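>>> This is a predicted model, with the sequence first.
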Amino acid sequence: MEDRIITYGGQAVIEGVMMRGQKAFAIAMRAPDGNIVVHKENLAAVYRSRIAKMPFLRGVILLWDALGLGIRALTLSANTQTGEDEKLEGPALYLTLGISLTIGIGLFFLLPAGIGGLAEKYLGWNAWLANLLEGIVRLILLVVYIWAIGFMPDIKRIFGYHGAEHKTINAYEAGAELTPESVAKFSLEHPRCGTAFILTLVLISILVFTALGPLSMFWRLASRVLLIPILAGISVEYIRWTANHLDSPLVRFLIKPNLALQALTTREPDASMLEVAIESFKTMRKAEQELVL
């Protein structure tokens, strides 16, 4: 059961789900003709390297690669829907990832930092109060952004597949039969969700950035960017720790905000979505078993 708790994760994509294990990942997608199309690959060697066992550093390296896998999964799924066969890999993949991260950092880190800096300079707030304002603005931006995109039809579908992914992993970890009827009974929440990582990162950033005290505008903005890898490493370790101690009442209390935010990023899936998530998980599991043999 311990392996089940810490090993398997997934990600919803356009009309599909990606499931990642220790050695392989699989993407199952619903094609326009209604059939399920499956793509599977072995994970990069970094997942089996010493780096993957080094606390804090492993979080940054594996998170970067996981983001790359997410972009690839979205591209493969989109191509399946359109019938195109263009591959996003190598420089193009990481250029796309870099642009996405730049936009995210600008919106969720630099914009709130700028607002806090302006409050300190023009409203006469002390540095710690201005830093706290920055963190509150960052948290509000995150929640409002997730809430707002949830009204988009395509995002609603993705959130439905996100729910199917959670239910499938929950069913597997409970030892239940992986059928749509069985999996549908399980919870939409999961403690290892990427949503939990994002919220944890934002909450930890509030504590760290508030403690930095007064800084010039240049160093205020620079510190928000330079400290992201450190915050990410801390957040990953926190998520791993909570996932390994779910039997603790304290841990169950601490993860309540993370689980609550998942109410915005998941939707109740239909049977078709559950079939895709189950197929993705089974393909990933089979690929891993073949690698062991």
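The structure has been received and is ready for your questions.

>>> residue contacts, Thr102?
The neighbourhood of Thr102, defined by CB atoms under 8 Å, 6 or more residues apart in numbering, contains no residues. Bear in mind the C-beta positions are built from the backbone N, C-alpha and C, glycine included.

>>> So for stretch 34-43, what gets flagged as buried?
Residues of stretch 34-43 classed as buried: 36-40, 43 (neighbour count, 16 or more other CB atoms under 10 Å).

>>> In strands, which of those fall?
36-40 (DSSP state E).

>>> so which of those comes closest to Leu129?
Proximity of these to Leu129 (CB to CB) peaks at His39, which lies at 50.4 Å.

>>> Grab the nearest non-local neighbour of that closest one.
In this structure, His39 finds its nearest non-sequential neighbour in Ile27, 4.7 Å apart by CB to CB, 6 or more residues apart in numbering.

>>> That neighbour: how many residues sit nearby?
If you count neighbours by other CB atoms under 10 Å, Ile27 ends up with 29.

>>> pretty sure it is touching Ala73, no?
Yes - A contact is recorded between Ile27 and Ala73 when judged using CB atoms under 8 Å, the distance being 5.1 Å.

>>> Distance check, the closest residue to Leu254 other than its chain neighbours against Lys185.
The shortest distance from Leu254 to any residue other than its chain neighbours is 6.4 Å, reached at Thr242 (CB to CB, 6+ apart). In this structure, Thr242 lies at 24 Å from Lys185, with CB to CB, to the nearest Å as the measure.

>>> Specify which residue of these two has the higher count of neighbours.
Legend: neighbour count by other CB under 10 Å for Thr242 and Lys185, higher for Thr242 (20 against 11).

>>> Cross-check the contact I'm expecting between that one and Lys256.
No - the pair formed by Thr242 and Lys256 falls short of the contact definition of CB under 8 Å, at 10.9 Å.

>>> so where's the longest helix in this structure?
helix 57-82 (DSSP state H).

>>> next one: that one to chain centre, how far?
When C-alpha coordinates are averaged (CA atoms, centre = their mean, to the nearest Å), helix 57-82 and its chain have centres 10 Å apart.

>>> Check the average confidence over it, would you?
Averaging pLDDT along helix 57-82 gives 76.

>>> in it, what's buried?
In helix 57-82, residues buried by neighbour count (16+ other CB under 10 Å) are 58-64, 66-80.

>>> related to what we said a few turns ago, could you grab the helix/strand/coil label for the residue nearest to His39?
strand (DSSP: H, G, I helix; E, B strand; the rest coil).

>>> Identify the bridge partners of it.
According to DSSP bridges, the partner residues bridging Ile27 are Met18, His39.

>>> dump the residue contacts of it.
Contact criterion CB under 8 Å, 6+ apart gives 13, 16-19, 38-40, 73, 76-77, 280 as the residues in contact with Ile27.

>>> which one among those gets closest to Met273?
The shortest gap between Met273 and any of those belongs to Val17, at 8.0 Å (CB to CB).

>>> any idea how far Asn170 is from that closest one?
Val17 sits 14 Å away from Asn170, taking CB to CB as the criterion.

>>> Of these two, give the one with the bigger neighbour count.
Per other CB under 10 Å, whichever of Val17 and Asn170 has more neighbours is Val17, with 30 against 17.
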